[in-house]
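Participant: Compute the structure for the input listed below.
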Amino acid sequence: MIQLSAEHIWGVRDAMSRDHLVIDNLVVQRAGRQVLHGVSLTLSRGEIAGLLGANGAGKSTLVMTIAGALPAEAGEVKLGDASLLGLSPDAVRRHGVSVVAEGHRILGALSVIDNLRAAGSNLTLAELNREIDSSLALFPELTERRKILAHNLSGGQKQMVAIAQALIGRPDFLMVDELSFGLAPAIVRRLGETLRQIAQRGAGVLLIEQFTTLALALSSRAHVMERGKLVFSGTPDELLHRPEILHSAYLAGGTTATLSKQELREDVKHAGANG
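Facilitator: Numbering: from 1, shown residues only. Below you'll find the predicted structure:
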């Protein structure tokens, strides 16, 4: 059985409370332009939280800053008593926060198994083998393809490898940027069920998605970003009764995928019925 629990195999982890990843008043600039304007939210272990908004709303910038790939001008990111701001991406990962970046970013010239090995370079051989077995147990489709070069995989299989990589080391929190990017609906449903399993085993999941139905169907909490600001935090059911929030957020980003309040209401109702 996969044990995505509080057991810590990274040396920097200790016995302090690690139940919440707290983002507090985060301000980020890119190319001289302020992109995040005081964003605050809390992610709890064992839950899936959806982060919604149009392209350009600041969702990916938020993830990259939490992960250590971008600097912040102000604010704080804390896991337990530990501040993650200013740490390198590797150090953030060692503290227990992993990222599945947008676009199925894996090492195409390496085999599936070597992609997973590369994600556990700080582990002992015994620990690494155990982690690889646990990750592959989530994706049995990859077991028979473990020696295939990753660039020969389908888009769905590449996304499975990316998630399996992020799970090496049993993170406390997993951030998934655009799970559905370029994938067929059946594959998205398959991956969505995997995220549910990961959360049920104790990890907190932040799902960054442009498509409302998918994120709300999986999430117990929902956050909506518009032009670098957080404009809503609550439950999917609460969002159902305020469809104008998503309508405004997506129109602000120039997105035409959600054209009317009625369509948004139907999306959220569908998600609430299947969540």
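Participant: contacts and neighbour counts: CA atoms only from here.
Facilitator: Will do.
Participant: Look up how far Leu36 lies from the closest residue to Gln34 other than its chain neighbours.
Facilitator: Leaving out its chain neighbours, the residue that sits closest to Gln34 by C-alpha to C-alpha, 6 or more residues apart in numbering is Val28, at 5.9 Å. Counting by C-alpha to C-alpha, to the nearest Å, the gap from Val28 to Leu36 is 5 Å.
Participant: Can you tell me the SS state at Arg105?
Facilitator: coil (DSSP: H, G, I helix; E, B strand; the rest coil).
Participant: Tell me the confidence at it?
Facilitator: You'll see Arg105 listed with a pLDDT of 81.
Participant: That one touches Ala162, doesn't it?
Facilitator: Yes - under the criterion of C-alpha atoms under 8 Å, Arg105 makes contact with Ala162 at 6.6 Å.
Participant: and those two? which has more neighbours close in?
Facilitator: Ala162 (25 against 12; other C-alpha atoms under 10 Å).
Participant: one step back: report the contact partners of the residue nearest to Gln34.
Facilitator: Contact analysis of Val28 by C-alpha atoms under 8 Å, 6 or more residues apart in numbering lists 34-37, 61, 65, 71-74.
Participant: Just to be sure, it is in a helix?
Facilitator: No - judged by three-state DSSP, Val28 forms no part of a helix; its state is strand.
Participant: any idea how far it is from Val176?
Facilitator: Following C-alpha to C-alpha, the distance that separates Val28 from Val176 is 20 Å.
Participant: swap in Ala91?
Facilitator: Ala91 is 18 Å from Val176, by C-alpha to C-alpha.
Participant: Counting neighbours around each, name which of these two comes out higher.
Facilitator: Legend: neighbour count by other C-alpha under 10 Å for Ala91 and Val176, higher for Val176 (25 against 15).
Participant: quick one: that one and Val100 touch, right?
Facilitator: Yes - under the criterion of C-alpha under 8 Å, Val176 makes contact with Val100 at 4.7 Å.
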